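[1] sequence unavailable; structure follows:
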């Protein structure tokens with residue numbers, strides 16, 4: 001039998017519940033307020049300390065202060081103080097270069113370089129119809145000097161910076177091939193770089209993806225279609241040394257290859273999980289193999305992880321770098337910017353590869369000598385590629 005609750009008791013109960021709710025709300029609000037006050041006080045102390053340093057320096061420093069350099073250094077130090085190895089401060093010039101890289105455009109003579117055992121930079125690739133190509137430079141040439149500056153003691157980043165400049169300006173380079181030095185005067189030009197290259201290896205289509213940027217998707221589509229039209233029975237994707245960051249572009253490339261499904265997810269700085277992208281029904285049904293190494297990172301790991309979770313590929317090489325952190329470019333008022341870690345990605349099966357990487361199906365290592373001559377290796381001298389071809393032959397029925 002139902003019992004009726006007296007009206008007074010019901011009102012009293014509601015008052016108690018309201019009081020408890022009010023107390024909890026006040027406690028949460030007070031805690032939030034105290035945290036905000038604490039943060040404000042901490043920031044005030046930080047700014048006060050910086051002001052103290054600035055005052056002492058300006059009163060006592062015996063040298064001359066470069067205000068622009070000082071401002072960049074302070075901003076850079078702030079970001080380094082986050083303790084995040086992936087976040088960084090970009091000067092105006094660095095930010096402009098980053099935007100060009102994302103667009104797949106570079107002012108260049110048409111070469112990419114890498115470190116060589118000789119100490120000189122080595123030409124890793126030469127863009128077709130570029131100033132360098134039209135004047136006879138080839139992959140494997142050593143870059144000896146730029147504008148009369150010997151490069152043996154220069155870092156790769158320093159040499160790359162020397163190669164850059166305004167479109168139409170000239171640059172003097174000396175390259176060495178078979179012990180013979182050749183001097184050239186080349187004109188820099190604004191050009192679309194090649195980030196995807198392809199060729200047939202037997203009955204297999206080999207496609208190398210150097211970077212994921214705005215030009216990659218179209219270049220990849222052309223490469224895949226070309227390999228299929230040439231009768232490829234299997235595809236080999238090479239993302240060794242690919243450390244680019246664009247998850248969106250990796251999604252576009254994966255959409256070409258994979259059937260319908262979620263390609264992964266993004267966990268933002270508040271812990272909220274959202275889909276990173278989906279693939280449509282269309283897929284490439286050829287057997288696939290992927291080459292990766294310890295320098296395969298970020299978007300390239302996302303690419304490998306999705307292919308493996310969809311069980312579309314066999315992988316060869318060594319464990320990848322292990323970077324799931326995602327950075328966002330945030331421009332500042334003076335034209336500079338910060339590249340800030342704002343989220344991290346998970347593979348389609350929910351795996352976070354951060355600091356772990358992705359293990360290959362078949363581990364194949366290069367020797368020290370092979371690592372040093374990596375740019376000149378081919379299917380006969382590259383043990384990782386040889387293994388991938390062997391697997392592709394098996395999967396494609398061409399053994």
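    Cool, the structure landed. As the structure is a prediction and not an experimental result, all values here were calculated from the model.
[2] after the strand ranked longest in the chain, which helix or strand is next?
    Longest strand of the chain, by residue count under DSSP state E: strand 337-346. Remark: after strand 337-346, the chain's next helix or strand is strand 362-363, criterion DSSP states H and E.
[3] which parts of the next helix or strand after that next one are buried?
    Where DSSP H and E defines the elements, the next helix or strand beyond strand 362-363 is helix 368-372. Residues residue 372 are the ones in helix 368-372 that count as buried (16 or more other CB atoms under 10 Å). Quick note: C-beta positions are derived from backbone N, CA and C, even for glycine.
[4] quick one: name whatever helix or strand follows helix 368-372.
    Following helix 368-372 toward the C-terminus (DSSP H and E): helix 383-395.
[5] run through who's touching that next one.
    201-204, 206, 233-236, 238, 240, 287, 289-291, 293, 314, 316-317, 362, 364-366, 370, 377-380, 398-399 (CB atoms under 8 Å, 6 or more residues apart in numbering).
[6] show me where the stretch 201-350 of the chain has helices.
    For the stretch 201-350 of the chain, applying DSSP state H, counting those that start in this stretch gives helices covering 216-229, 247-257, 299-309.
[7] which of the ones you listed has the highest mean neighbour count?
    Each of those was scored by mean neighbour count; the highest is helix 299-309, a mean of 26, by mean count of other CB atoms under 10 Å.
[8] that helix to helix 247-257, inter-axis angle?
    30 degrees (axes from the mean of the first three to the mean of the last three CA atoms, to 10 degrees).
[9] for residue 175, give its distance to residue 193.
    19 Å (CB to CB, to the nearest Å).
[10] these two - which one has more neighbours?
    residue 175 (25 against 21; other CB atoms under 10 Å).
[11] which residues of the stretch 101-250 of the chain score low on pLDDT?
    The model of the stretch 101-250 of the chain has pLDDT under 70 over residues 105.
[12] residue ranges of the strands in it, please?
    Using DSSP state E, counting those that start in this stretch, the strands of the stretch 101-250 of the chain run over 105-108, 111-115, 121-126, 142-146, 149-150, 170-177, 180-187, 189-192, 196-201, 204-209, 234-238.
[13] need those in JSON lines (columns: distance to residue 77).
    Shown next, in JSON lines, are the strands of the stretch 101-250 of the chain (distance: least, CB to CB, whole Å):
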{"stretch": "strand 105-108", "distance to residue 77": "29"}
{"stretch": "strand 111-115", "distance to residue 77": "28"}
{"stretch": "strand 121-126", "distance to residue 77": "30"}
{"stretch": "strand 142-146", "distance to residue 77": "31"}
{"stretch": "strand 149-150", "distance to residue 77": "30"}
{"stretch": "strand 170-177", "distance to residue 77": "33"}
{"stretch": "strand 180-187", "distance to residue 77": "38"}
{"stretch": "strand 189-192", "distance to residue 77": "34"}
{"stretch": "strand 196-201", "distance to residue 77": "38"}
{"stretch": "strand 204-209", "distance to residue 77": "35"}
{"stretch": "strand 234-238", "distance to residue 77": "38"}
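[14] winner for burial among the ones you listed?
    Most buried among the strands of the stretch 101-250 of the chain, counting by mean count of other CB under 10 Å: strand 234-238, with a mean of 27.
[15] what's the spacing between the closest residue to residue 84 other than its chain neighbours and residue 193?
    Ranked by CB to CB, 6 or more residues apart in numbering and with sequence neighbours excluded, the top spatial neighbour of residue 84 is residue 341, at 5.2 Å. Distance, residue 341 to residue 193, by CB to CB: 27 Å.
[16] now for the helix or strand harbouring residue 94, which elements pack on it?
    According to DSSP H and E, residue 94 maps onto helix 92-103. Other helices and strands packing on helix 92-103, by 3 or more CB pairs under 8 Å, 6 or more residues apart in numbering; DSSP states H and E, are strand 325-331, strand 337-346.
[17] which residues sit against that helix?
    Applying CB under 8 Å, 6+ apart, the external contacts of helix 92-103 come out as 90, 106-107, 164, 211, 213-215, 246, 329, 331, 334-337, 339.
[18] show me how to select, in ChimeraX, the buried members of those.
    Remark: buried members of the contacts of helix 92-103, expressed as a ChimeraX selection using 16+ other CB under 10 Å:
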select :90,106,107,164,211,213,214,215,246,336,337,339
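[19] so which of the contacts of helix 92-103 comes closest to residue 301?
    Closest approach between the contacts of helix 92-103 and residue 301, by CB to CB: residue 246, at 12.6 Å.
[20] if we can go back for a sec, which of the helices and strands packed on helix 92-103 sits most buried?
    By mean count of other CB under 10 Å, the helices and strands packed on helix 92-103 have strand 337-346 as the most buried, with a mean of 19.
[21] average pLDDT for that strand?
    The average pLDDT for strand 337-346 rounds to 96.
[22] nearest residue to the middle of the protein?
    residue 244 (2.2 Å; CA atoms, centre = their mean).
[23] got a list of what residue 194 touches?
    Going by CB under 8 Å, 6+ apart, residue 194 touches 125, 127-128, 219.
[24] if we can go back for a sec, what lines up beside the longest strand of the chain in the sheet?
    strand 88-90 (antiparallel), strand 261-268 (antiparallel), strand 325-331 (antiparallel) (DSSP bridges).
[25] can you give the distance of the last one from its chain's centre?
    Right, the one you point to is strand 325-331. Relative to its chain's centre, strand 325-331 lies at 11 Å (CA atoms, centre = their mean, to the nearest Å).
[26] go on, the longest one?
    Centroid separation for strand 261-268 versus its chain: 17 Å, with CA atoms, centre = their mean.
[27] contacts for that strand, please.
    247, 251, 254-255, 273-279, 302, 305-306, 310, 326, 342-348, 350.
[28] and if you look at stretch 153-162?
    113-115, 119, 121, 143, 146-147, 149, 151, 171.
[29] quick check: buried residues in that stretch?
    154, 159-160, 162.
[30] and the residues you listed, which of them are in helices?
    Counting by DSSP state H, these place 159-160, 162 in helices.
[31] same list, those, but as CSV with distance to residue 52 please.
    Formatted as CSV, those follow (distance: CB to CB, whole Å):
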residue, distance to residue 52
159, 41
160, 39
162, 40
